[in-house]
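K.L.:
attaching a predicted model along with its sequence, questions to come.
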Amino acid sequence: MPVYNEAAFIKNCLDAIAKQTRLPDVVYIVDNNSTDDSIKIAEAYPFVKVIQEHTQGICAVAKKGLDVAAGNGGIILRLDADCQPTKDWVEKISANFISDNSVVATTGPGVTYDANPVVKVLFSALYMKPYFWLVSSALGRKPLFGLNFAIKADTWKRVSNHTHLSLYQNIHDDMDISYHILNEGDIKYDPTLKMPLSARPFRASFPKVVARYAAGFRSIFIHWPQQAPWVNWTK
């Protein structure tokens with residue numbers, strides 16, 4: 001879980017993790033220079049381990065967390081501090097891997113918990129569906145959604161140093177990871193693996209929205225020509 005000044009959200013997230021039908025072995029909080037009470041809140045939970053990443057940016061934080069977690073083997077799960085996973089989230093993820101050995105990663109969509117009905121519809125129509133449709137068009141398969149995915153530790157170990165997460169902080173970490181595991185095995189998209197999360201992306205300023213879309217296109221372009229969309233379509 002990447003964390004940068006998430007005191008308003010992190011307690012609810014960790015409470016939801018504590019109620020899982022299948023508890024994770026450990027929850028790594030990757031602190032990215034927080035100045036609020038986020039880490040103080042997190043350290044009250046016995047299953048939490050806090051690690052530090054001083055390079056500011058989601059790519060550096062994501063890579064640090066995945067690298068550390070991969071040392072334990074098994075399956076690495078990824079979510080954000082504003083998520084409130086349903087009580088069977090870990091159990092469902094485990095079942096997706098058990099049911100098919102070819103699966104190296106699994107993911108599902110996000111749904112909002114703090115928005116009115118209109119915004120909930122817009123969140124799905126303008127954020128979730130376009131993300132999966134557009135990135136699927138580039139990848140030739142469903143991509144990982146960064147706030148709701150899991151990956152085999154062995155798979156991550158093989159691709160970690162080949163990703164662009166140490167080179168750029170202005171790309172989408174989940175899209176970059178998706179590109180680099182294309183040849184490792186199947187990414188299973190599970191529509192029932194829904195992650196309740198905050199609708200705060202819809203409350204972001206226009207420049208931040210533009211930056212988010214620019215990061216997405218940049219994530220696609222840096223993989224050209226070897227993994228241009230028309231190349232991936234033929235695989």
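P.N.:
Yes, it's here.

K.L.:
wait, what's in contact with the closest residue to F149 other than its chain neighbours?
P.N.:
Using Cβ to Cβ, 6 or more residues apart in numbering and skipping the chain neighbours, the partner closest in space to F149 is T107 (4.0 Å). C-beta coordinates here come from the backbone N, C-alpha and C atoms, glycine included. In this structure, T107 makes contact with 142-145, 148-150, 187-190, 193, judged by Cβ atoms under 8 Å, 6 or more residues apart in numbering.

K.L.:
kindly recompute the last result at 6 Å.
P.N.:
Each residue near T107 by Cβ atoms under 6 Å, 6 or more residues apart in numbering is listed here: 144-145, 149, 189.

K.L.:
so of those residues, which ones are in strands?
P.N.:
Judged by DSSP state E, the subset of the contacts of T107 located in strands is 149, 189.

K.L.:
can you pick the most crowded of the contacts of T107?
P.N.:
Looking at the contacts of T107 with neighbours defined as other Cβ atoms under 10 Å, the largest count falls to L144 at 27 neighbours.

K.L.:
can I assume that one is in contact with S178?
P.N.:
Yes - with contacts counted by Cβ atoms under 6 Å, L144 reaches S178, the gap being 4.8 Å.

K.L.:
need the residues that contact the helix or strand where V61 lies.
P.N.:
In this structure, V61 sits in helix 58-70 according to DSSP states H and E. Residues from elsewhere that reach helix 58-70, judged by Cβ under 6 Å, 6+ apart: 2, 28, 30, 32, 51, 53, 76, 153, 156-157, 160, 165, 169, 173.

K.L.:
how long is stretch 100-110 end to end?
P.N.:
Stretch 100-110 has its terminal residues 23 Å apart, counting by Cα to Cα, to the nearest Å.

K.L.:
likewise for stretch 146-165?
P.N.:
By Cα to Cα, the extent of stretch 146-165 from end to end equals 13 Å.

K.L.:
likewise for stretch 30-45?
P.N.:
Using Cα to Cα, the end-to-end distance of stretch 30-45 comes out at 15 Å.

K.L.:
gap between it and the chain center?
P.N.:
Chain-centre distance of stretch 30-45: 19 Å, with Cα atoms, centre = their mean, to the nearest Å.

K.L.:
list the buried residues of that stretch.
P.N.:
For stretch 30-45, burial by neighbour count (16 or more other Cβ atoms under 10 Å) applies to 30-32, 34, 38-39, 41-42, 45.

K.L.:
take those and keep only those in helices.
P.N.:
Those of the buried residues of stretch 30-45 mapping onto helices are 38-39, 41-42, per DSSP state H.
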